[in-house]
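Peer 1: this one's structure only:
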């Protein structure tokens with residue numbers, strides 16, 4: 001067997017690997033739904049925000065314990081800070097966004113903004129003396 005080498009991590013970073021969690025985005029019932037696999041994350045370490053129609057997820061993952069005497073053959077689990085952003089393809093109402101966490105999947109649901117019909121307002125002309 002081949003023992004783990006810290007240089008493998010640098011090779012993966014050079015190939016464009018990142019710690020940003022993957023996202024699935026789809027439309028359902030007039031909502032934009034974002035699903036992110038975040039198994040084992042503590043919800044206190046995840047920050048979600050919507051600004052200028054862009055969803056941003058930030059957070060950190062921490063090792064449960066640090067054991068220096070392990071001789072890894074392969075180490076793929078990543079720990080530390082992560083961030084990912086997504087620009088919604090349509091206007092959304094971020095004030096009505098909701099999020100839930102079930103079976104390792106963080107689900108964010110954001111309603112699409114209702115199109116405003118142009119309002120017609122009559123203006124009464126007043127005669128001046």
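Peer 2: Cool, got the structure. Because the structure is predicted, anything quoted here is derived from the model rather than measured. Numbers count the residues shown, from 1 in each chain.

Peer 1: tally of neighbours for residue 100?
Peer 2: 9 (other Cβ atoms under 10 Å). Glycine gets a C-beta too; all of them are placed from N, C-alpha and C.

Peer 1: and for it, nearest residue in space, chain neighbours not counted?
Peer 2: With sequence-adjacent residues excluded and distances taken as Cβ to Cβ, 6 or more residues apart in numbering, residue 100 is closest to residue 107, at 5.2 Å.

Peer 1: against residue 34, how distant is the one you found?
Peer 2: 7 Å (Cβ to Cβ, to the nearest Å).

Peer 1: residue 103 now?
Peer 2: Counting by Cβ to Cβ, the gap from residue 103 to residue 34 is 16 Å.

Peer 1: who's more crowded, these two?
Peer 2: Ranked by neighbour count (other Cβ under 10 Å), residue 103 and residue 34 place residue 34 first, with 22 against 6.

Peer 1: so what's the more buried one up against?
Peer 2: 23-25, 55, 86, 107-110 (Cβ atoms under 8 Å, 6 or more residues apart in numbering).
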